[in-house]
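>>> sequence and predicted structure, then a few things I'm wondering about:
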Amino acid sequence: MKLADDPEVEEFRAQFSAFLDARLPTEAEARERSHSSAHVPDWARRWQRTLFEHGWLLPGQPPEYGGRGATLPQQLAHLEELARRRIYHSFNPQGLGIIAASLLTFGTEEQKTCWAVPILRAEITAALGMSEPEAGSDLASLRTRAVLDGDTFTVNGQKIWTSGAHDADVLLTFVRTDPGAPKHKGISALLIPTAAEGVVRRPFGSIAAEDDHDFNEVFLTDVRVPRENLVGPLNEGWRVANGSLGHERTLLWLSYAERLQDLVRDAGDAGAGQEWYATLLMDLSALRLLGYRQLGPDRNPAEISVLKLLGSEAVQSASLHALEAHGADALAHPARTGPYHHMHHEDFVSSWFERYARSFAGTIAGGTSEIQRNIIAERILGLPR
């Protein structure tokens, strides 16, 4: 599929490009930088609200939710234009791409009004409470309990790796509400305000950088949550969880293509004549072609796992080769290994070591590579469990 063959898509792209030319914040306006995935500087909040109000935030949604009813090819053109100009879509990516999107799919009208729209307008920020110390990829093993008494849940448990939780206003939290049910059946999804009594958030560092404090431990002790904060039916949170990850994965491949394109640009002479650099170029082309195929009428949703697996592992492999090719200098930190763009995120052009270290997030978040291989084996290749 060639998007340039569709005049409506190209007109849509041109309209968005003109909007960006007229409205994009200047470098001086965007001076303050984000320090976690739920910390949105004031200028970025204003910019996200501007996108929302003009229908360019999530163009596939109706106008009341920051869109304009765009088709999937038009949505891809929108993201491609953001990538071409190195514009980070939202400094609260989980809030925008997973939590608000999940509320629009599974939430009540009141939840859409009270929670989804404020997240979309960057009036509040959100984080995703999924993983636990003994429930990572196997989310169904989670132990955080929520007991319903009348119209109130009492929640006890712990979450881990909760990105941006210390800066978030609300957590979309997956909890066990029926401990006697099979482990995939007794799960529910709750919106838990981080200001609620009994919520403790403890950010901690990562391998990427000494000052990288995005991950959190979250402790929930007798936290009282009104039943109206239940997202979807009671005990059917597994469906919400799969939907949440589905929102995350649908066009996720495009972000991997952008990272690969950046590696092509930034590897420079270190990649000249190297087999790994040729593989990088081929992986980038293959990812784009497979991604475009998903826009056709015969797309198989399970093939999104192919894109996720190919894209995340190609980025990790090429990042490692670039790190090795640049020798000892690649370990210098902090450093900048690519051009600065004031609307982008500095993590993507940081030291070669940090770029490689951050590549592991792609093979874990949104479903690990092992999970993706299982999906490919069972749903595409038809292999037995």
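All right, it came through fine. Numbers count the residues shown, from 1 in each chain.

>>> now the nearest residue to I376 once chain neighbours are set aside, what's its secondary structure?
Counting by CB to CB, 6 or more residues apart in numbering, S305 is the residue found nearest to I376 once chain neighbours are left out, at 5.3 Å. Heads up, the C-betas are built off the backbone N, CA and C, glycines and all. Here S305 is helix, with the state taken from DSSP: H, G, I helix; E, B strand; the rest coil.

>>> could you measure S305 against D283, distance?
Taking CB to CB, to the nearest Å as the measure, S305 falls 16 Å from D283.

>>> again, but for A135
For A135, the distance to D283 - CB to CB - is 32 Å.

>>> sorry, back to before: the residue nearest to I376 touches I375, doesn't it?
Yes: between S305 and I375 there is a contact under CB atoms under 8 Å: 4.3 Å.

>>> between these two, which one's more packed in?
Under the neighbour definition other CB atoms under 10 Å, S305 and I375 were set side by side, and S305 has more, 22 against 18.

>>> check what pLDDT that one gets.
pLDDT for S305: 89.

>>> any idea how many residues pack against the closest residue to P63 other than its chain neighbours?
Leaving aside its sequence neighbours, P63 sits nearest to G55 (CB to CB, 6+ apart; 5.7 Å). By the criterion of other CB under 10 Å, G55 has 20 neighbours.

>>> three-state assignment of G55?
Per three-state DSSP, G55 ends up coil.

>>> kindly report the same for the one 5 residues further on.
Applying three-state DSSP to G60 yields a three-state assignment of coil.

>>> and the gap between it and T279?
In terms of CB to CB, G60 sits 33 Å off from T279.

>>> so these two - more neighbours on which side?
Taking other CB under 10 Å, G60 and T279 do not tie; G60 has more neighbours (19 against 14).

>>> show the pLDDT at the more buried one.
93.

>>> low-confidence stretches in the chain?
Applying pLDDT under 70 to the chain flags the ranges 1-5, 244-250.

>>> ranges for the strands of it?
126-129, 145-149, 152-159, 170-176, 187-193, 199-203, 216-226, 230-231 (DSSP state E).

>>> burial count for L295?
Neighbour count for L295, taken as other CB under 10 Å: 16.

>>> from L72, how far out is it?
L295 sits 6 Å away from L72, going by CB to CB.

>>> how about R145?
As judged by CB to CB, R145 and L72 stand 39 Å apart.

>>> separation between the residue nearest to I371 when sequence neighbours are not counted and M130?
Nearest in space to I371, with sequence neighbours left out and distances taken as CB to CB, 6+ apart, is S137 at 5.5 Å. Note on S137: its distance to M130, by CB to CB, is 10 Å.

>>> neighbour count winner among those two?
The residue with more neighbours, out of S137 and M130, is M130; 23 against 14, by other CB under 10 Å.

>>> quick one: contacts for L284?
Taking CB atoms under 8 Å, 6 or more residues apart in numbering as the contact definition, L284 lies against A257, L260, Q261, V264, A314.

>>> mind checking which of these are buried?
A257, L260, A314 (16 or more other CB atoms under 10 Å).

>>> just name the closest of the residues you listed to D42, please.
The shortest gap between D42 and any of those belongs to A257, at 30.9 Å (CB to CB).

>>> that closest one touches R288, doesn't it?
Yes: contact criterion CB under 8 Å: A257 and R288 qualify, at 5.6 Å.

>>> how many neighbours does A278 have?
For A278, using other CB under 10 Å, the count is 11.

>>> let me fix that, I meant to ask about M282.
Applying other CB under 10 Å, we find 11 other residues in the vicinity of M282.

>>> what does the one 3 residues further on give?
Look at S285: counted by other CB under 10 Å, it has 12 neighbours.
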